[in-house]
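S.K.: Turn this into a model:
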Amino acid sequence: MKVKLATSFGDIILELSTDKAPNTVKNFISYAESGHYNGTIFHRVIEDFMIQGGGMDAQMNVLPAGDPIQNEADNGLSNVLGTVAMARLPDPHSARAQFFINTTDNAFLDHRNTSDEGWGYCVFGKVIEGMDIVEQIEDTPTTSRAGYQDVPEKPITIEEVIVIE
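M.R.: As a prediction, the model looks like this:
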């Protein structure tokens, strides 16, 4: 399955791993189809780490999200350059709508065991087009705003997430 992240910097095409992370993909697609991601921003951008979005509007308001999902990080996929994974709180089974794209190899985020510290972050797809857009977002100057760090100085909007296949 493929989706297009239409951003204010350009399009990013993701191929989602329905076979390795079926519930995570279903969750992501339900947010996409409901319009949840439309108008959200990449609110956390850390060079040589990742870009995160899907949960805040341009005014830094956290958007309401549905119930958390079961972590599928034990699926054999690794947080390597260009993969997309679910963001979450310290509780390993707390992912809702927010996601991130790895901008380097982040194996320390991978599943190691079923302890709270070892669960890892579920990879559920990869960038197949638009990695240059991801890199442009990663290179954006950041600041602190509304109690959050690593926020792009100028909002980078996810205009729409479109299921294309």
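
S.K.: CA only for contacts and neighbour counts going forward, please
M.R.: OK.

S.K.: What pLDDT does the model give the residue lying closest to Asp139 once chain neighbours are set aside?
M.R.: Nearest residue to Asp139 in three dimensions, chain neighbours excluded: Glu47, at 6.7 Å (Cα to Cα, 6 or more residues apart in numbering). pLDDT, Glu47: 97.

S.K.: Tell me the buried residues in stretch 27-36?
M.R.: Buried residues in stretch 27-36, counted by 16 or more other Cα atoms under 10 Å: 27-29, 31-32, 36.

S.K.: what's the offset of that stretch from the middle of its chain?
M.R.: Relative to its chain's centre, stretch 27-36 lies at 13 Å (Cα atoms, centre = their mean, to the nearest Å).

S.K.: what do you get for stretch 39-56?
M.R.: That offset, for stretch 39-56, works out to 7 Å (Cα atoms, centre = their mean).

S.K.: If the residue nearest the centre of the chain is in a bridge, with which residues?
M.R.: Centroid-nearest residue in the chain, with Cα atoms, centre = their mean: Phe99, separated by 2.0 Å. Note on Phe99: beta-bridge partners Gly53, Met86, judged by DSSP bridges.

S.K.: My guess is it contacts Met56. True?
M.R.: No - in this structure, Phe99 is not within contact of Met56 by Cα atoms under 8 Å, at 11.5 Å.

S.K.: mind listing the helices for the chain?
M.R.: 22-34, 131-138 (DSSP state H).

S.K.: which strands and helices sit next to the first one?
M.R.: With contacts taken as 3 or more Cα pairs under 8 Å, 6 or more residues apart in numbering; DSSP states H and E, helix 22-34 sits against strand 157-163.

S.K.: tally of neighbours for Pro64?
M.R.: When neighbours are defined as other Cα atoms under 10 Å, Pro64 has 11 of them.
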